[in-house]
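Asks: kindly return the folded structure for what I paste below:
(chains A, B and C)
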Amino acid sequence: MIDFKKELNSEQLEVVANGDGYCLVLAGAGSGKTRVITYRVACLLEKGVKPENILLLTFTNKAAKEMLSRVEKIIGKKPDGLWGGTFHAIANRILRATAPLLGYQSNFSVLDQDDSETLLKSCVKELHFFDSKRFPSAGLIHSLYSFSRNAQITLTEAVDWKNSSFSRVAGDIEEATNLYQKKKKSSNVMDFDDLLVNWHEVLQKPAVLKKLADQFQYILIDEYQDTNRLQAAIVKLLASVHKNLLVVGDDAQSIYSFRAADINNILEFPKEFPKAKIFRLETNYRSTPNILNLANDVISQNKKQFKKKLKSHLAELAHPQVAVFDSPFAEANFIRQRVRELQEAGHALRDLAVLFRAAFHAQILEIELAKAGIPYEMRGGMRFFERAHIKDTISILRVVNNLKDEIAWFRVLEIFQGIGHETARMIITKARQSKDLPELFISGIRDGLNKNAQKGWDDFVSIAKILNEKKDQSAGDAVEGILKSVYADYLEDKYENAKDRLDDIKQLGWYAKGQKSLNHFLSDIALDESFGKKNARENQDRLVLSTIHQAKGLEWEAVFLINLASGCFPNERALGEPGGEEEERRLFYVGITRAKRHLYLTYPTTGQRMNYNRPSPFLEDIKDGLIDRKVSDGLGGFTDELPTIQIEEMTTPAPKKKKIDWRVKSFLKDIEDL
DNA sequence: CTCAGCCTTCTTTTT
DNA sequence: GAAGGCTGAG
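Replies: Residues are numbered from 1 along each chain as shown, chains lettered A, B, ... in the order given. This next block holds a predicted model:
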């Protein structure tokens, strides 16, 4: 028996005990949101609800794993059979069984954003739209199209809404996306959006809807403020039979509108479901009153929100600090010093975090930390699966897994000597007509190639043959096959850091070993970025550097919010979006509420661009509050005066060569010129 | 048709 | 830094 009364406060207990029917749980930052969901699940299981009748949808894979392991802890055994995961992961799982109803094969590949853009680009090219000047880039088209599908609006509406300067060519853009749709279907691939769109689509089939809506007696959704219209529509259908839908979220933390998250889902939940019960979790267990007051000041500037007041459970402690520096180096230097001090005061590095608006903001700090020998872990920015060699490896596997996958084919073939776009096109046409790889190998295709291309083709065949044999045994063996193939030689020839790259592939192979099948492995990695961080690594004592987006849901004893300069935060481009300012402010709010005891707000007065010489307007907004509360300033107050901290000469080079962002690079150059 | 060499551009955030 | 575009040689 679980003693719910002992484990939960009265607000939380209310939800766990009475969370049936349509429920909206407004959970402020640090109010025990995860606790409520996991105990609710445990409560259902204890009442005898079967795990397979529970659907738990989360925003990230990490959150899903976390929730499931916490449920396991509470009930004392693995909740086997429980449907827990991200919308995309659950969609993938359902579509593997149902996609044939929509004309796909169940071994469809999943395209990541990069692949999608490549394919879309080829569509725009094919239609010669690039010939006219001022046509949006493939990346922009992709984001507009993606937005329109997730927000359930037309493409034209999306263009008018987000980039009205391209309204004139909206028809052409639409034509390109139509071709894109066609190509994906014939390649038997889905992009991220297709997973959701097709999930919704397949629910239009009465038999499928009945089966799934019957199955999921209880549906729980985490981070509801970050769901989009399409996801809300899917959930509504799924809950239509048992009508047990519990959504948890905090409108103040809605920070994903750029990918069509719609804050109205949560704001209008009571309208959508008039019988819904509304619960509020307003006791904050995370932060000191000072930090919380600051957070409340920030968010009170926003208009579009549920009014709520977070109350801190903790005693008064250190005040948040604001510190100004005359350069990013001084800022980095300060952080290094404070990190050392906090360490000496007994904090583990892993309990401290530095957060920023964009990944490249952290680069100067990275150099500083490397110099000082402070271990850190970088989250956000360059992603594992975007690295060229990882994409190559995965593409080879994708070809082996799904012969129709044109995008992967092009990527693979053009690696090899003597094979360019045209030759590749020819080979792919042939491949798509073949039943399987062996049939392609003996099809006499080699004879049609010139001498140079034959060599490349032979290299490809030598790899593909091995993989094709190994794919049914183990995805791990297949990846290791690549390590021993001519692809390894190719990497050695092409890159100085070939060893690092081979290590990356090794790591991929290590992960692949735990997977059921190649098909499973491929969809898993397309949907889950987090695997790159091994568990072992997470337990190590490292300072965390993270984008604020990636920090959502996490907490640290001390948090540094850096680069709070005008033009950097709020991000200039984001301000151009509708509702951008409020969203950026929510992002600031998320950053602040990650801190438990210590909070440092810092900014430099010089930066990559010369107009970054003012504090963030968000700081200006709360300036009075800061002064009223006697916010101690680390150095010389919250003023525009330059601090007295000295800039250390950067004489010792960083131990490991870091890739430096071009913007940082050009900034460093500017400094040198002075 | 392929490819090397040189040029520009690009990252705000992520499933 | 890397990927894409452009140009001219083979």
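
Asks: find the nearest non-adjacent residue to A:Gly481, please.
Replies: Excluding the flanking residues, the one nearest A:Gly481 by Cβ to Cβ, 6 or more residues apart in numbering is A:Ile466, at 4.4 Å. For the C-beta atoms, the positions are set from N, CA and C on the backbone; glycine is no exception.

Asks: check whether the helix or strand containing that neighbour contacts DNA strand C.
Replies: Using DSSP states H and E, A:Ile466 sits in helix A:451-470. No - Helix A:451-470 does not reach DNA strand C (Cβ under 7 Å from any atom of the strand); its nearest approach is 8.8 Å.

Asks: quick one: average confidence on that helix?
Replies: When pLDDT is averaged along helix A:451-470, the result is 83.

Asks: hmm, who's touching it?
Replies: A:396-397, A:399-400, A:412-413, A:416-419, A:423, A:427, A:436-438, A:441, A:445-446, A:449, A:477-478, A:481-482, A:485-487 (Cβ atoms under 8 Å, 6 or more residues apart in numbering).

Asks: now, of these, which are buried?
Replies: Among those, those buried by neighbour count (16 or more other Cβ atoms under 10 Å) are A:396-397, A:399-400, A:412-413, A:416, A:419, A:423, A:427, A:437, A:441, A:445, A:449, A:477-478, A:481-482, A:485-487.

Asks: just those residues: which are in strands?
Replies: In strands, defined here by DSSP state E, there are no members of the buried ones among the contacts of helix A:451-470.

Asks: and those near DNA strand B, which?
Replies: A:Ile419, A:Thr423.

Asks: got the domain boundaries for chain A?
Replies: A:4-95+A:195-281, A:113-187, A:300-375+A:537-631, A:386-531 (the TED database).

Asks: what is the mean pLDDT for the second one?
Replies: Read it as domain A:113-187. 85.

Asks: and stretch A:307-323, what's buried?
Replies: Applying 16+ other Cβ under 10 Å to stretch A:307-323 flags A:Lys308, A:Leu310, A:Ser312, A:Leu314, A:His319, A:Pro320, A:Gln321, A:Val322, A:Ala323 as buried.

Asks: wait, I meant stretch A:110-121
Replies: A:Val110, A:Leu111, A:Asp112, A:Gln113, A:Asp114, A:Asp115, A:Ser116, A:Glu117, A:Leu119, A:Leu120, A:Lys121.

Asks: same check, this time on stretch A:548-564
Replies: Neighbour-count burial for stretch A:548-564 [16+ other Cβ under 10 Å]: A:548-553, A:555-564.

Asks: with stretch A:426-444 instead?
Replies: By neighbour count on 16+ other Cβ under 10 Å, the buried set for stretch A:426-444 is A:Met426, A:Ile427, A:Ile428, A:Ala431, A:Arg432, A:Leu437, A:Leu440, A:Phe441.

Asks: among the buried residues of stretch A:548-564, which ones are in strands?
Replies: Per DSSP E, those map to strands at A:Trp556, A:Glu557, A:Ala558, A:Val559, A:Phe560, A:Leu561.

Asks: who touches the fourth one in this structure?
Replies: In this structure, A:Val559 makes contact with A:Leu352, A:Ala353, A:Val354, A:Leu355, A:Gly591, A:Ile592, A:Arg594, A:Ala595, A:His598, A:Leu599, A:Tyr600, judged by Cβ under 8 Å, 6+ apart.

Asks: in helices only, show me those.
Replies: Residues of these located in helices (DSSP state H): A:Gly591, A:Ile592.

Asks: state the pair within the contacts of A:Val559 that is farthest apart.
Replies: A:Leu352 and A:Ile592 (15.4 Å; Cβ to Cβ).

Asks: those two - which one has more neighbours?
Replies: A:Ile592 (27 against 24; other Cβ atoms under 10 Å).

Asks: look at the residue in the stretch 251-400 of chain A positioned nearest to DNA strand C and say how many residues are nearby.
Replies: Closest residue of the stretch 251-400 of chain A to DNA strand C, Cβ to the nearest atom of the strand: A:Ala388 (3.4 Å). Neighbour count of A:Ala388, defined by other Cβ under 10 Å: 13.

Asks: what's the spacing between it and A:Asp504?
Replies: Look at A:Ala388 and A:Asp504: by Cβ to Cβ, to the nearest Å, they are 10 Å apart.

Asks: residue ranges of the strands in the stretch 251-400 of chain A, please?
Replies: Assigned by DSSP state E, counting those that start in this stretch, the stretch 251-400 of chain A shows strands spanning A:277-281, A:283-284, A:311-312, A:321-325, A:352-356, A:376-379.

Asks: mean pLDDT for the ones you listed: which is lowest?
Replies: Across the strands of the stretch 251-400 of chain A, strand A:311-312 gives the lowest mean pLDDT, at a mean of 76.

Asks: what's the weakest-modelled helix or strand in chain A?
Replies: helix A:535-539 (a mean of 50; mean pLDDT, DSSP states H and E).

Asks: for chain A, longest strand please?
Replies: Max-length strand for chain A by DSSP E is strand A:595-604.

Asks: return the set of buried residues in the helix or strand that that strand is followed by.
Replies: For strand A:595-604, the succeeding helix or strand toward the C-terminus, using DSSP H and E, is helix A:617-621. For helix A:617-621, burial by neighbour count (16+ other Cβ under 10 Å) applies to A:Pro617, A:Phe618, A:Leu619, A:Asp621.

Asks: and if you look at stretch A:388-408?
Replies: Result for stretch A:388-408 [16+ other Cβ under 10 Å]: buried residues A:389-408.

Asks: for A:Tyr104, grab phi and psi.
Replies: With angles defined as degrees, to the nearest 10, A:Tyr104 sits at phi -100, psi 160.

Asks: that one is in contact with A:Asn188, isn't it?
Replies: Yes - the pair A:Tyr104 / A:Asn188 is scored as a contact, 5.9 Å apart, by Cβ atoms under 8 Å.

Asks: any idea which helix or strand carries the closest residue to A:Leu56 other than its chain neighbours?
Replies: Once flanking residues are discounted, A:Leu56 sits nearest to A:Gly84: 4.1 Å by Cβ to Cβ, 6+ apart. A:Gly84 is part of strand A:83-86, with elements assigned from DSSP H and E.

Asks: distance check, the closest residue to DNA strand C within chain A against A:Asn163.
Replies: Closest approach of chain A to DNA strand C (Cβ to the nearest atom of the strand) occurs at A:Trp662, with a separation of 2.9 Å. Using Cβ to Cβ, we find A:Trp662 at a distance of 25 Å from A:Asn163.

Asks: got the buried residues for the helix holding A:Ile466?
Replies: A:453, A:456-457, A:459-461, A:463-468, A:470.

Asks: likewise for stretch A:78-86?
Replies: For stretch A:78-86, by 16+ other Cβ under 10 Å, it's A:Pro79, A:Leu82, A:Trp83, A:Gly84, A:Gly85, A:Thr86.

Asks: who touches that stretch?
Replies: A:41, A:45, A:50-52, A:54-61, A:64, A:67-68, A:71-72, A:90, A:93, A:216, A:527.

Asks: any idea of the mean pLDDT for that stretch?
Replies: Taken as a whole, stretch A:78-86 has a mean pLDDT of 90.

Asks: distance from that stretch to the middle of the chain?
Replies: 21 Å (Cα atoms, centre = their mean, to the nearest Å).

Asks: only C-alpha atoms, please: export it in PDB.
Replies: Only the C-alpha atoms of stretch A:78-86 are listed here, as PDB (Å, rounded to 0.1, in the frame of the first residue of the first chain):
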ATOM      1  CA  LYS A  78       8.300  -2.000 -13.500                       C
ATOM      2  CA  PRO A  79       5.000  -0.800 -14.900                       C
ATOM      3  CA  ASP A  80       5.400  -3.100 -17.900                       C
ATOM      4  CA  GLY A  81       3.000  -2.500 -20.700                       C
ATOM      5  CA  LEU A  82       2.300   1.100 -19.800                       C
ATOM      6  CA  TRP A  83       2.200   3.400 -22.800                       C
ATOM      7  CA  GLY A  84       4.600   6.200 -22.000                       C
ATOM      8  CA  GLY A  85       6.500   8.400 -24.300                       C
ATOM      9  CA  THR A  86       6.500  11.500 -26.400                       C
END
